[in-house]
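Enquirer: Structure for the following, please:
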Amino acid sequence: MQPLLLLLAFLLPPEPAIGVIIGGHEVRPHSHPYMALIQVPMKKMAKTCGSVLVELDVVLTAAHCWGRSIRVTLGAHDILNQEWTWQVIPAKGAICHPDYIPNEYFSDIMILKLERKAKLTAAVWSLILPRGTAQVRPREVCRVAGWRLMALKGIISNTLWEVELTVQQDQVCESCLHDHYNSTTLLCVGDLKERKTSSEGDTGRPLSYKNVIQGIALGG
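Expert: Here you go, the predicted model:
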């Protein structure tokens, strides 16, 4: 699993709508059975992050989503309306990337170990990990899915949405982000000319290509 720990995705945000999903669509319920929702209790309200089930008792997410008493919800479509498909499992341990520095993009990735294994169902299934050092190439179209994203007319949706984003040349992100982009740990996806990006409110979402995870999406 180590090669995956070095692979994150930086999403280029189209101005002026930074931090929202635009140009995406709501997915068919439970068509993305690998999606997992992380909830971390806070004083006023729970912090939420997206994540992906990579083994029956392991999920992958962003390191900045760490917290105490993490709960992972599998099999969800509408996160405000519980269904019989839900499996809510506490996390018993977390491993952040050893090079992760809070408030930095580099190595912002984490593995969560669940207290018990998830039960495989039509609504709960793990996503395939990449083999070897294979990596998506520029102009290939990947998918990012997540909750708490902005739907039509500025309304925040509680259902699972998805957006397609094109992999860019490293030079695109290097020219925009300068020292904040490192091609050895980040992928550059999105398009400054298109009004499509993802949300800051639900980071940790999986970036996938042909049903294979390629990294963890970090909103712009």
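Enquirer: State which helix of this structure is the longest.
Expert: helix 170-177 (DSSP state H).
Enquirer: Look up how far Lys44 lies from the nearest residue to Pro206 once chain neighbours are set aside.
Expert: Nearest in space to Pro206, with sequence neighbours left out and distances taken as Cβ to Cβ, 6 or more residues apart in numbering, is Val52 at 3.7 Å. C-beta: built from backbone N, CA, C; applies to glycine. Distance, Val52 to Lys44, using Cβ to Cβ, to the nearest Å: 27 Å.
Enquirer: ok, those two, which is more surrounded?
Expert: More crowded of Val52 and Lys44, by other Cβ atoms under 10 Å: Val52, with 23 against 4.
Enquirer: Model confidence for that one, exactly?
Expert: pLDDT, Val52: 95.
Enquirer: thinking it is in contact with Met35, fair?
Expert: Yes. Under the criterion of Cβ atoms under 8 Å, Val52 makes contact with Met35 at 6.7 Å.
Enquirer: Please enumerate the shared neighbours of these two.
Expert: Common neighbours of Val52 and Met35 (criterion: Cβ atoms under 8 Å, 6 or more residues apart in numbering): Pro206.
Enquirer: can I get the CA coordinates of the host helix or strand of Ser208 in PDB?
Expert: Element membership for Ser208 (DSSP states H and E) is strand 205-209. In PDB, the C-alpha atoms belonging to strand 205-209 read as follows (Å, rounded to 0.1, in the frame of the first residue of the first chain):
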ATOM      1  CA  ARG A 205     -12.500  11.700  -1.600                       C
ATOM      2  CA  PRO A 206     -11.100   9.000  -3.900                       C
ATOM      3  CA  LEU A 207      -9.900   9.900  -7.400                       C
ATOM      4  CA  SER A 208     -10.500   6.900  -9.600                       C
ATOM      5  CA  TYR A 209      -9.800   5.900 -13.200                       C
END
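Enquirer: In terms of secondary structure, what does it contact?
Expert: With contacts taken as 3 or more Cβ pairs under 8 Å, 6 or more residues apart in numbering; DSSP states H and E, strand 205-209 sits against strand 47-55, strand 141-146, strand 212-218.
Enquirer: quick one on the thing from earlier: the longest helix of the chain - what's its average pLDDT?
Expert: Mean predicted confidence for helix 170-177 is 78.
Enquirer: Hmm, Tyr100 is touching Ile109, no?
Expert: Yes. Using Cβ under 8 Å, Tyr100 is in contact with Ile109, at 7.2 Å.
Enquirer: between the two, which one's more packed in?
Expert: Ile109 (26 against 18).
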